[in-house]
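Peer 1: make a model of this:
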Amino acid sequence: MNTIVDRIEKFNAPLIPDMVQLKYKAMAESPFRFFRGTCHLFYEDLVKAKGFPTSPLVWICGDLHLENFGSFKGNNRQVYFDLNDFDESMLSPLNWELARVLTSIYVAFDTLKLKKTLADEMVSAFLTKYAETLKTGKAYYIDPRTADGTVKSFLNGIELRKEKELISKITGGVKKLDIKIDNLTHFKIDKKLKGELIVHITDWLEKTPAWPNNYKVKDAAFRVAGTGSIGLKRYMFLLQGTKKKDKFLLVELKQGTTSSLAPYNKVPQPKWTSDAERMITTKYRMQNVSPALLSTTNFKDNTYVLQEMQPSADKINFESLAGNVKDLKCVLMDMAILTAAAQLRSSGIQGSAINDELTAFAHQDKWHKPLIAYATNYAEQVKKDYKEYMNWRLGE
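Peer 2: Got it, this is the predicted structure:
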């Protein structure tokens, strides 16, 4: 039988070797970070589970955990809070999505040194709010006008943040229009490749009829963000307005990749032209409003997702909420609503259950206990796997 390390190394073998080492380092940070970086282990184990509750087919993001909810600017330039990572997205059983997000609550709470009884309470509350939302058959959304509590403060803060503040953070100052290379999140690109990338984006801008064609590429860098996607080809670009020099834009190219669910998901899928197309189509279906410039593009035999860049800082800081149960619960309830809303919004499309089927499922509750039991047990498995992983890391 393959060890945890064998399984991890096999999965990450096709990725950029130097970046994989960064991924392995990030995964060593905590059991929760390890969980985020090993989505493939989760589904490899899930399909072997006995007595796992059946559920309707829906579109899922596939890697739903507490860090994969965040803010972004939509095409309408408004700020939204929603599910925001669709690399693993597929048509799958509804309970697969729930099992991952519920497990993430247990693992995250343990990492934050919060009591297991509190995690039990929050998981139960999440599932109850999710089912209540699904019963309504209505796909809600969250923006600064509809948000409450912590998420409202979070979104209002982002709206008030000036564009120059973000650019200054990326460059070290708005007068210095070069991306700051810190070898943590921003890395230098080979000169030849950088030139080719800038030409590619420049050509894309010239052919785009929308507002971005009023911008010019000023710089590019390799970008590292998240955990699971570290090791993929990912580039960020700093753009400056051609007429209004004080206007800036950040866009990114992220390599399309096969979903880590694919080897274990036996549900027939649409015939996509590329994984990048799968990723943006599911994103478009599940989000209320998608990020600006969302599209695909081909570069050097790879297909990429292109979109306005979503800064990694625009996520809820759970460490700061750890001591405030009321605020913590408020955030989790919003996430439960958004999970149900994404499934309702994408219902009845290419094999996903229709709205009526989802609301009928929500009126049942026999699947709640086995689902929670699975999440509880798998959170313990994550801790064991993490310990084995760390023994390997320390023994290298």
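Peer 1: so where do the helices sit in the stretch 1-150 of the chain?
Peer 2: Listed in chain order, the helices found in the stretch 1-150 of the chain under DSSP state H, counting those that start in this stretch are 4-12, 17-27, 31-36, 39-46, 94-111, 116-136, 149-160.
Peer 1: of all the ones you listed, which lies closest to residue 76?
Peer 2: Residue 76 lies closest, by Cβ to Cβ, to one member of the helices of the stretch 1-150 of the chain: helix 149-160, at 13.2 Å. Bear in mind the C-beta positions are built from the backbone N, C-alpha and C, glycine included.
Peer 1: scan this protein for its longest helix.
Peer 2: Ranked by number of residues, the top helix in the chain under DSSP state H is helix 368-395.
Peer 1: now for that helix, which elements pack on it?
Peer 2: Other helices and strands packing on helix 368-395, by 3 or more Cβ pairs under 8 Å, 6 or more residues apart in numbering; DSSP states H and E, are helix 4-12, helix 31-36, helix 39-46, helix 94-111, helix 116-136.
Peer 1: just put those in TSV and tack on mean neighbour count and mean pLDDT.
Peer 2: Converted to TSV, the helices and strands packed on helix 368-395 look like this (neighbours: other Cβ atoms under 10 Å; pLDDT from 0 to 100):
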stretch	mean neighbour count	mean pLDDT
helix 4-12	17	97
helix 31-36	24	98
helix 39-46	21	98
helix 94-111	25	98
helix 116-136	18	98
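Peer 1: do you know the pLDDT at residue 77?
Peer 2: Here the pLDDT value assigned to residue 77 is 78.
Peer 1: is it true that it touches residue 292?
Peer 2: Yes. Assessed by Cβ atoms under 8 Å, residue 77 is found in contact with residue 292 at 7.2 Å.
Peer 1: who has more neighbours, those two?
Peer 2: Remark: of residue 77 and residue 292, residue 292 carries more neighbours, 19 against 10, as counted by other Cβ atoms under 10 Å.
Peer 1: now for the more buried one: which residues touch it?
Peer 2: Going by Cβ atoms under 8 Å, 6 or more residues apart in numbering, residue 292 touches 73, 74, 75, 77, 307, 308.
Peer 1: make a PyMOL selection of the buried ones in those.
Peer 2: With 16 or more other Cβ atoms under 10 Å as the criterion, this PyMOL line picks the buried residues out of these:
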select buried, resi 73+74+307+308
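Peer 1: what about the stretch 251-396 of the chain, any weak spots by pLDDT?
Peer 2: In the predicted model of the stretch 251-396 of the chain, residues 310-313, 396 satisfy pLDDT under 70.
Peer 1: distance of the nearest residue to residue 231 once chain neighbours are set aside from residue 255?
Peer 2: Of all residues not flanking residue 231 in the chain, residue 15 sits nearest, at 3.0 Å (Cβ to Cβ, 6 or more residues apart in numbering). Distance, residue 15 to residue 255, using Cβ to Cβ, to the nearest Å: 10 Å.
Peer 1: between these two, which one's more packed in?
Peer 2: residue 255 (20 against 17).
Peer 1: may I have the beta-bridge partners of that one?
Peer 2: Using DSSP bridges, the bridge partners assigned to residue 255 are residue 304.
Peer 1: identify the residues contacting it.
Peer 2: Counting by Cβ under 8 Å, 6+ apart, residue 255 has contacts 232, 233, 234, 276, 302, 303, 304.
Peer 1: related to what we said a few turns ago, and of the contacts of residue 292, the nearest to residue 49?
Peer 2: Using Cβ to Cβ, residue 307 comes nearest to residue 49 of the contacts of residue 292, at 34.7 Å.
Peer 1: against residue 259, how distant is the closest one?
Peer 2: Using Cβ to Cβ, we find residue 307 at a distance of 18 Å from residue 259.
Peer 1: name the nearest residue to the residue nearest to the spatial centre of the chain, sequence neighbours excluded.
Peer 2: Against the mean C-alpha coordinate of the chain, by Cα atoms, centre = their mean, the closest residue is residue 85 at 2.5 Å. Once flanking residues are discounted, residue 85 sits nearest to residue 68: 4.3 Å by Cβ to Cβ, 6+ apart.
Peer 1: burial check on the one you found, number of neighbours?
Peer 2: 24.
Peer 1: doesn't residue 225 make contact with residue 184?
Peer 2: No. Contact between residue 184 and residue 225 fails when scored by Cβ under 8 Å: they sit 10.6 Å apart.
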